[in-house]
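Enquirer: Test case, fold it:
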Amino acid sequence: MPDLHTPSAAPSVALIGFGEAGSTFARAAGWEDGAAAFDVNPARGQAMDECGVVAAADRAAALAGAEVVLSLVTADQAIAAAEQCAPFMAPGTLWCDMNSVAPDTKRAAARAVEAAGGRYVDVAVMAPVDPARLNVPLLIAGSDAGEAMAALNALGFAKTRVVGHAIGQASAIKLCRSIMVKGLEALTAEMVLAASSAGVLDEVLASLDASEKQVSWPERADYNLDRMMLHGRRRAAEMTEACAMLRDLGIAPAMTENTVQLQQGIGSLGIRPLPDTLRGKIAAIQGREYQS
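Expert: Numbers count the residues shown, from 1 in each chain. Predicted coordinates:
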């Protein structure tokens, strides 16, 4: 294994999961040499080919020779991915779990990786990967966080930071922040749908603008609905993990549970293409007889 503390050392990388995040990173980095990927959806093989990444037939093929693994699956598959891949990793392989899951979920995944001789690292992706791509901020935690940061830097990631040496610290920062960010999106949706139905949308938005003007509320509401309509199901999975974290901390997730429902409900409508305006988005949601 090369010295990953040396920024010029580009380790061989495997991606487990090749959805939006995996394909965005691979396309931006141009990992033509030493990069392979596996996804349970065989249709994503074409995207791998387009990104210059070897489309592996199975997990074993993807992980053969990999020094760094980026786990980029859906939140509900984070532990399963670690358990299914662990037997095929060479001793000392860095498993960078970049999924938005609860600290306890990451600790469970870590047990599977470490039992097989791998080195587990908790990585939190702190912004949308598009358009940030390799400039997306990454928080890293775990006993091998320093070496993982060097490896990620060598792979082209430009904004990495170690936040602790215990698995779960990075994911706790991510999910605590998400409680606010995704919660505000869900509250925005509830507010604009109610205001529109009551015929008072303009007055409500103007009232909010009068008290807070950094970004106008029509712009903010449009953006929040946009995020939910595009990514609501994925955000709901993340917030389900936030609920698990809150329960682990002895806190009842009253608001966050409802955020899950609202994100899931709007994301599941599958409205495409997205309307260009706030009123268009509201009409599209209401036209699908959305029920919270």
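Enquirer: drop to CA atoms for contacts and neighbour counts, all remaining ones
Expert: OK.
Enquirer: Strands along the stretch 151-292 of the chain, start to end?
Expert: If DSSP state E, counting those that start in this stretch is used as the criterion, the strands of the stretch 151-292 of the chain fall at 160-164.
Enquirer: for the longest strand anywhere in the chain, packing partners?
Expert: When secondary structure is assigned using DSSP state E, the longest strand within the chain turns out to be strand 119-125. Secondary-structure packing of strand 119-125 (3 or more C-alpha pairs under 8 Å, 6 or more residues apart in numbering; DSSP states H and E): strand 94-97, helix 103-115, strand 138-141, helix 145-154, helix 169-197.
Enquirer: any weak-confidence spans in the stretch 1-150 of the chain?
Expert: Applying pLDDT under 70 to the stretch 1-150 of the chain flags the ranges 1-10, 32.
Enquirer: ok so, going back, may I see the helices and strands packed on strand 119-125 arranged in JSON lines, with distance to L230 and mean neighbour count as well?
Expert: What follows is these, written out as JSON lines (distance: least, C-alpha to C-alpha, whole Å; neighbours: other C-alpha atoms under 10 Å):
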{"stretch": "strand 94-97", "distance to L230": "23", "mean neighbour count": "27"}
{"stretch": "helix 103-115", "distance to L230": "25", "mean neighbour count": "21"}
{"stretch": "strand 138-141", "distance to L230": "22", "mean neighbour count": "26"}
{"stretch": "helix 145-154", "distance to L230": "28", "mean neighbour count": "23"}
{"stretch": "helix 169-197", "distance to L230": "12", "mean neighbour count": "19"}
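Enquirer: Make CSV out of these and add distance to Q263.
Expert: Converted to CSV, those look like this (distance: least, C-alpha to C-alpha, whole Å):
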stretch, distance to Q263
strand 94-97, 23
helix 103-115, 21
strand 138-141, 24
helix 145-154, 31
helix 169-197, 6
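Enquirer: Next, work out how far apart C96 and P218 are.
Expert: Here the criterion is C-alpha to C-alpha, to the nearest Å. By it, C96 lies 38 Å from P218.
Enquirer: What pLDDT is listed against R288?
Expert: Per-residue confidence for R288 comes out at a pLDDT of 85.
Enquirer: wouldn't it be in contact with G267 here?
Expert: No: between R288 and G267 there is no contact, the gap being 11.8 Å when judged by C-alpha atoms under 8 Å.
Enquirer: So the two - more neighbours on which side?
Expert: More neighbours sit around G267 than around the other of R288 and G267, counting by other C-alpha atoms under 10 Å; the figures are 23 against 12.
Enquirer: just to revisit the earlier point, ok and the longest strand of the chain relative to helix 169-197, angle-wise?
Expert: Using axes from the mean of the first three to the mean of the last three C-alpha atoms, to 10 degrees, the direction of strand 119-125 lies 30 degrees away from that of helix 169-197.
Enquirer: what does the helix or strand following strand 119-125 contact?
Expert: Proceeding C-terminally, strand 119-125 gives way to helix 129-132 as the next helix or strand, assigned by DSSP states H and E. Residues from elsewhere that reach helix 129-132 (C-alpha atoms under 8 Å, 6 or more residues apart in numbering): 20-21, 24-25, 136.
Enquirer: switch the cut-off to 7 Å
Expert: 21, 136 (C-alpha atoms under 7 Å, 6 or more residues apart in numbering).
Enquirer: Alright, I will stop here.
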